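**Student:** I would like the atomic coordinates for the input below:
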Amino acid sequence: MARHSKHFAKEIEKLKSMILALGTNVEASVKRAVRALTRRDSTLALKVIDADYEIDQMEVDIEEECLKILALHQPVANDLRLIISILKINNDLERIGDLAVNISERAVYLSTHNKIEFPFDLQDMAEKAQEMLNGSLDAMVNLDTELAHKVCKADDEVDAMNREAYTLVEERIRQCPDQLNSMIQFLSASRYLERVADHATNIAEDVIYLVDGNIIRHSKENI
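**Tutor:** Residues are numbered from 1 along each chain as shown. Predicted coordinates:
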């Protein structure tokens, strides 16, 4: 029995290392995508797009590892909650990786067109979304529910930024209809950043579930 427990503990530690590595990769991918967008750097954007296969493979490997542990060890209580949380976080991280690709595709498009100033503060929004992602990953590593709650609260701010971006883009299109296509790219980028923040919030909520056993999704009053 002791041997079994020791083997199980090693597999859990391996799984934790895998999800942390995925988180690090995804965080770097988002950072590069935002840099590519703000600088209209198509070379960097294409690197983000090309590297997405690695994130996808890591997500598959983690899911397979979780399923293997569930099948072989049939964990219960806290251990089961850990596996479930990692499965969910794994999915959110892979989706954030996809959003980094989407942002990079906007960068590629904008790099081939005349430079137009952003109609809203995309850099501020990007920084807030990245802070949320970083905070959710730190909360995951340190099992820090206080930090996780802060991430959840910050989501409203990014939502407000996205709504403001929509209003500002709509106004710019009315003033400069010839900029329509570029404005749509800016608006898409804003929406993708808002989705990054949503997934970071999901991760933070999963950390709270992992530590406290509380499911706070759809219960904003509990945040």
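
**Student:** could you use CA atoms for every contact and neighbour count after this?
**Tutor:** OK.

**Student:** quick one: low-confidence residue ranges for this protein.
**Tutor:** The chain contains residues with pLDDT under 70 at 1-4, 217-223.

**Student:** again, only this time at 90
**Tutor:** Along the chain, segments meeting pLDDT under 90 span 1-9, 72-78, 113-121, 212-223.

**Student:** in the longest helix seen in it, what's buried?
**Tutor:** Counting residues, the longest helix found in the chain (DSSP state H) is helix 2-39. Residues 8, 11-12, 15-16, 18-20, 22-23, 25-27, 29-38 are the ones in helix 2-39 that count as buried (16 or more other CA atoms under 10 Å).

**Student:** cool, and stretch 76-87?
**Tutor:** Buried positions in stretch 76-87, judged by neighbour count with 16+ other CA under 10 Å: Asp79, Leu80, Arg81, Leu82, Ile83, Ile84, Ser85, Ile86, Leu87.

**Student:** not counting its neighbours along the chain, what's nearest the residue nearest the centre of the chain?
**Tutor:** A centroid search over the chain (CA atoms, centre = their mean) returns Ile96, at 3.7 Å, as the residue closest to the centre. Nearest residue to Ile96, sequence neighbours excluded (CA to CA, 6 or more residues apart in numbering): Val196, at 5.6 Å.

**Student:** do you know how far that neighbour is from Thr38?
**Tutor:** Look at Val196 and Thr38: by CA to CA, to the nearest Å, they are 17 Å apart.

**Student:** which of the helices or strands spans Ala71?
**Tutor:** Using DSSP states H and E, Ala71 sits in helix 42-73.
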